[in-house]
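Enquirer: Please work out how this folds:
(2 chains)
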2 protein chains.
Amino acid sequence: LQQGNFPGAKALLVPVQPADIAEAIEGLPKAMQAIAFRLLSKQEAIEVYEYLDPSVQQSLITELRDQEVLDIVDKMSPDDRVRLFDELPAKVVRQLLQQLSPSEREATSLLLGYKVGTAGRIMTTEYLAVKEDLTVSQTIERVRVLANTSEIIYYLYVTDRERRLTGIVSFRDLVIASSEQRLSEIMTRDVIFVHTDTDQEEVAQIIQRYDLVAVPVVDTENRLVGIVTVDDVLDIVEQEATEDIYALGGVEAGDDNYFQKNIFTAARKRVVWLFVLLLANTGTTAVISAQENVLEQVVALAAFIPLLIDAGGNVGAQSSTVVIRGLNLKTVGIKKALQVITKETLTGVLLGVMLGIAVIFWAYFLEGSLPIALTVGISLMAIAILAAVSGSGLPFLFGALGLDPALMSAPFITSVVDVLGVFIYLTLARTILQL
Amino acid sequence: LQQGNFPGAKALLVPVQPADIAEAIEGLPKAMQAIAFRLLSKQEAIEVYEYLDPSVQQSLITELRDQEVLDIVDKMSPDDRVRLFDELPAKVVRQLLQQLSPSEREATSLLLGYKVGTAGRIMTTEYLAVKEDLTVSQTIERVRVLANTSEIIYYLYVTDRERRLTGIVSFRDLVIASSEQRLSEIMTRDVIFVHTDTDQEEVAQIIQRYDLVAVPVVDTENRLVGIVTVDDVLDIVEQEATEDIYALGGVEAGDDNYFQKNIFTAARKRVVWLFVLLLANTGTTAVISAQENVLEQVVALAAFIPLLIDAGGNVGAQSSTVVIRGLNLKTVGIKKALQVITKETLTGVLLGVMLGIAVIFWAYFLEGSLPIALTVGISLMAIAILAAVSGSGLPFLFGALGLDPALMSAPFITSVVDVLGVFIYLTLARTILQL
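Expert: Have a look, this model is predicted:
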């Protein structure tokens, strides 16, 4: 491509899949992307464009001529178009929206009208709906006429005269049925559907639960307005998992690829959380300062502070990890809170005893003082239990308060474990060492 | 149900979806599960059974009479049956396998022969394959005959005389085509497929990347042997995310629901990791012990150790979280390691400077000593940079060594940050405070 061998480059691109072409284009330097993209045929360009990363889609829009942009945007699936519009500046969106063909404009405005994160926003309006009194052969005629849509379709959605969803027919049903049967005779009536305002996470769970390929979306009057397909749901499941993982790691999640951000954005996404934790540490520092005289008399105690804090943090992280994941996947509910906390606490006791005993031997070996070793070991047991209780309890508490447990738990667990842990340690030292 | 109102209970169960019935049965006390299950019609029982949790499937097998069990197991989809067999004791599996009808036995043995975690193990053998020289109307005849399989089907797989996969035809293509056309004329030839030994994570990525509903699986001679459907992939994506989250939280992941384990299993899944971290802390304790004289002279320094360790741990966790997630989702590769580490390091510098300056003011306010405040602040900057470097670098290192970065990174990052962090802090204190 760099040598100007355009037909050669085109020949290389043609036989492969749109998703692969999209990745190849993303890998090119920015100036090359528009050139490579122009080599594609119109139909290819539209398919490839839908697979491109939003940031590349955006930069292409500014690179290409207005008419080229319009051709592509007009032919995109409504759901992909809405996702692109979410990324573009409002001015560009308004301009593009005006220039779309009327039917596409209407479909897009409809989707843009729904709240981000709902079924209405992620659905596509490209589905095949047929009336229930059609015969199989009439339906097949109709499908032939309508079939030049770009979204892949697996079901026909059957509606009554008021466009209310009454059933679904798979293409397989259609092939198997005799041509004179009416759709109302062969359709499945127990249709699982969602509403336009159903949360996207719930849509994902429904598709997953019932092993669906697509789920129809209806408005408040049960009229069919769109479908959500499983490929969008796969992306949602992965995106939600990434958000959870980032939240657990103390990184604010965004819509796009973290690795394409510059360092200032990356730092901004992380600094708030670090300051919260720094503030939480005030308590720990204050506790140690207040008991400085204990450390003054037995400085050796300070050597075990990192161990106690780390171990407590780890036990707490383990408990909160399983509870938070369970809450997010709905495998455990608020109702079971007491049961889970009890179990985690008992696990904490078990872990605390094991770790505590190991540490007593180890600390005795290091410092040669049994009182110090006992202080460290017993503190560790107490801290492990404390960590298990707060690690399993706080996520439930935040969940019940309507806050995101993944985001909120870590700083609070760290604070509780550190402050109380150090306090227990130094108080115990005062008692055991008779200071 | 507890009042013996069986017909009533049955009436309640009938109109709902198999997945919902399965959940209702799982919610019953163990003794009731078999009774409720027997109320279902044969066809329903099979469908519901496939949706049940493996542990409930297993307990039902022991509760039901042999003939009942056999009826169900024989009618299950081969892929669901293999998943059940993975959970059952080897003796029961052998016995059941012998009693299956010959065709089902063959299909199951085939799947059981592939390694766990590969496409061969998760695929189903219930797909529709047709020869490429059939006409559309012949194909439709054939589909009518074969259509009583339980797995939902969206594509016909077209093969040549040697059963090698040559194309796919969707039911929509079939409906649209004229009845005399041959499949070889209307089929899509650029088929995306996987091999029986392809890793299940890769299968998931391929289905996701190309927005597929199912992907055909071929053996070493390119003969079609099965398909993997998107609903299985959704489960895999979620399961892999859970494994990653657990690994990051220091919990060993298993196949089943963590909340159904007893506390000893739960503790076992976590104690190894805790001991590794405890061991890693030896270094920290040793460094502090070695420099005890510094702390002896200025005990106030001890008060800031938790803060420095926590902040370092957090910055490291943030960097490793994004890198590990990126590695697992393949959004970032080993090739980009240097670029990512450089960026993370710069982010670390930025975060270190912000946190360090804040801490200098704060430590001065607490202790009223500028040298101590400067020691804490400068140490924090150094620790943040150190944490960013090790947090972003170690996952790449473990990835390159073929180890799971999610599992390995946390203990090593904690060790590096704690040991070097405390060392930097106390050495700096010695210099600045001229001890």
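Enquirer: what's the nearest residue to A:G283 if we skip its chain neighbours?
Expert: Among residues not flanking A:G283 along the chain, A:V419 sits closest, at 4.1 Å (C-beta to C-beta, 6 or more residues apart in numbering or on different chains). C-beta: built from backbone N, CA, C; applies to glycine.
Enquirer: So which elements touch whichever strand or helix holds that neighbour?
Expert: Element membership for A:V419 (DSSP states H and E) is helix A:405-432. If contacts are counted by 3 or more C-beta pairs under 8 Å, 6 or more residues apart in numbering or on different chains; DSSP states H and E, helix A:405-432 sits against helix A:230-248, helix A:263-290, helix A:292-297, helix A:305-328, helix A:370-400, helix B:305-328.
Enquirer: Just the buried residues of the fourth one, please?
Expert: Taking 16 or more other C-beta atoms under 10 Å in any protein chain shown as the neighbour-count basis, helix A:305-328 is seen to contain the buried residues A:305-328.
Enquirer: Then A:R81 would be within a helix, right?
Expert: Yes: counting by DSSP: H, G, I helix; E, B strand; the rest coil, A:R81 is found in a helix.
Enquirer: Which one of the helices and strands packed on helix A:405-432 lies nearest to B:K261?
Expert: helix A:305-328 (9.8 Å; C-beta to C-beta).
Enquirer: what angle sits between the helix or strand just after that closest one and helix A:370-400?
Expert: Once the chain leaves helix A:305-328, the next helix or strand it forms, by DSSP H and E, is helix A:337-367. Angle of helix A:337-367 versus helix A:370-400, following axes from the mean of the first three to the mean of the last three C-alpha atoms, to 10 degrees, is 150 degrees.
Enquirer: From the chain's centroid, how far away is helix A:337-367?
Expert: Here the centre of helix A:337-367 is set off from its chain's centre by 34 Å, with C-alpha atoms, centre = their mean, to the nearest Å.
Enquirer: report the angle between the axes of it and helix B:263-290?
Expert: Going by the same axes, to 10 degrees, helix A:337-367 makes 40 degrees with helix B:263-290.
Enquirer: what packs against helix A:337-367?
Expert: Secondary-structure packing of helix A:337-367 (3+ C-beta pairs under 8 Å, 6+ apart): helix A:305-328, helix A:370-400, helix B:263-290.
Enquirer: would TSV of the helices and strands packed on helix A:405-432 with mean pLDDT and distance to A:R209 be doable?
Expert: Conversion of the helices and strands packed on helix A:405-432 to TSV gives the following (pLDDT from 0 to 100; distance: least, C-beta to C-beta, whole Å):
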stretch	mean pLDDT	distance to A:R209
helix A:230-248	82	11
helix A:263-290	80	33
helix A:292-297	84	56
helix A:305-328	88	15
helix A:370-400	93	21
helix B:305-328	88	25
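Enquirer: Dump those helices to JSON lines, plus distance to A:R38.
Expert: Putting these into JSON lines (distance: least, C-beta to C-beta, whole Å) gives the following:
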{"stretch": "helix A:230-248", "distance to A:R38": "27"}
{"stretch": "helix A:263-290", "distance to A:R38": "31"}
{"stretch": "helix A:292-297", "distance to A:R38": "71"}
{"stretch": "helix A:305-328", "distance to A:R38": "44"}
{"stretch": "helix A:370-400", "distance to A:R38": "51"}
{"stretch": "helix B:305-328", "distance to A:R38": "31"}
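Enquirer: B:L350: which of these is closest?
Expert: helix A:263-290 (4.5 Å).
Enquirer: For A:G399, which residues are in contact?
Expert: A:L327, A:I334, A:P405 (C-beta atoms under 8 Å, 6 or more residues apart in numbering or on different chains).
Enquirer: From A:T427, how far off is it?
Expert: The gap separating A:G399 from A:T427 is 32 Å, by C-beta to C-beta, to the nearest Å.
Enquirer: Likewise for A:Q33?
Expert: Distance check for A:Q33 against A:T427: by C-beta to C-beta, it reads 64 Å.
Enquirer: neighbour-wise, which of those two wins?
Expert: Shown here are A:Q33 and A:T427; by other C-beta atoms under 10 Å in any protein chain shown, A:Q33 has more neighbours (19 against 15).
Enquirer: The one helix or strand that one maps to packs against which elements?
Expert: Assigned by DSSP H and E, A:Q33 belongs to helix A:30-38. Secondary-structure packing of helix A:30-38 (3+ C-beta pairs under 8 Å, 6+ apart): helix A:18-27, helix A:42-51, helix A:54-63.
Enquirer: got a markdown table for those, with mean pLDDT too?
Expert: Below are these laid out as a markdown table (pLDDT from 0 to 100):
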| stretch | mean pLDDT |
| --- | --- |
| helix A:18-27 | 77 |
| helix A:42-51 | 74 |
| helix A:54-63 | 72 |
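Enquirer: for those helices, which one sits closest to chain B?
Expert: helix A:18-27 (5.1 Å; C-beta to the nearest C-beta).
Enquirer: Quickly check: the closest one near chain B or not.
Expert: Yes: using C-beta under 8 Å from any C-beta of the partner chain, helix A:18-27 reaches chain B at A:A19.
Enquirer: Domains of chain A: list them as residue ranges, please.
Expert: Listed by automatic domain parsing, the domain ranges of chain A are A:6-113, A:128-231, A:261-432.
Enquirer: Give me whichever of these is most buried.
Expert: With neighbours defined as mean count of other C-beta atoms under 10 Å in any protein chain shown, the domains of chain A peak in mean count at domain A:261-432, which reaches a mean of 21.
Enquirer: where do the helices sit along the stretch 101-250 of chain A?
Expert: In the stretch 101-250 of chain A, the segments counted as helices under DSSP state H, counting those that start in this stretch are A:102-112, A:119-122, A:136-146, A:171-176, A:183-186, A:200-209, A:230-248.
Enquirer: Let me have those helices in JSON lines, extended by distance to B:S137.
Expert: What follows is the helices of the stretch 101-250 of chain A, written out as JSON lines (distance: least, C-beta to C-beta, whole Å):
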{"stretch": "helix A:102-112", "distance to B:S137": "35"}
{"stretch": "helix A:119-122", "distance to B:S137": "39"}
{"stretch": "helix A:136-146", "distance to B:S137": "13"}
{"stretch": "helix A:171-176", "distance to B:S137": "11"}
{"stretch": "helix A:183-186", "distance to B:S137": "19"}
{"stretch": "helix A:200-209", "distance to B:S137": "34"}
{"stretch": "helix A:230-248", "distance to B:S137": "31"}
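Enquirer: residue with max distance from the center of chain A?
Expert: Taking C-alpha atoms, centre = their mean, the residue of chain A most remote from its mean C-alpha position is A:Q434, at 53.1 Å.
Enquirer: How about the secondary structure of that one?
Expert: At A:Q434, secondary structure determined by three-state DSSP is coil.
Enquirer: my read: A:M187 touches A:S170, true?
Expert: No: the pair A:M187 / A:S170 is not scored as a contact, 9.4 Å apart, by C-beta atoms under 8 Å.
Enquirer: just to revisit the earlier point, so for the helix holding A:Q33, what's the average pLDDT?
Expert: Average pLDDT, helix A:30-38: 73.
Enquirer: cool, stretch A:183-200 as well?
Expert: So the average pLDDT for stretch A:183-200 ends up being 87.
Enquirer: For it, output the C-alpha coordinates as PDB.
Expert: C-alpha atoms of stretch A:183-200 as PDB (Å, rounded to 0.1, in the frame of the first residue of the first chain):
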ATOM      1  CA  LEU A 183     -48.900 -18.500  10.200                       C
ATOM      2  CA  SER A 184     -51.200 -18.500  13.100                       C
ATOM      3  CA  GLU A 185     -51.300 -22.300  12.900                       C
ATOM      4  CA  ILE A 186     -47.600 -22.900  12.800                       C
ATOM      5  CA  MET A 187     -46.200 -20.100  14.900                       C
ATOM      6  CA  THR A 188     -44.900 -20.400  18.500                       C
ATOM      7  CA  ARG A 189     -47.200 -18.400  20.700                       C
ATOM      8  CA  ASP A 190     -45.200 -18.400  24.000                       C
ATOM      9  CA  VAL A 191     -42.800 -15.600  22.800                       C
ATOM     10  CA  ILE A 192     -40.300 -14.300  25.200                       C
ATOM     11  CA  PHE A 193     -39.900 -10.500  24.700                       C
ATOM     12  CA  VAL A 194     -38.500  -7.400  26.400                       C
ATOM     13  CA  HIS A 195     -39.700  -3.900  26.700                       C
ATOM     14  CA  THR A 196     -38.000  -0.900  25.200                       C
ATOM     15  CA  ASP A 197     -37.000   0.300  28.600                       C
ATOM     16  CA  THR A 198     -35.600  -3.100  29.800                       C
ATOM     17  CA  ASP A 199     -32.000  -2.700  31.000                       C
ATOM     18  CA  GLN A 200     -29.400  -4.100  28.600                       C
END
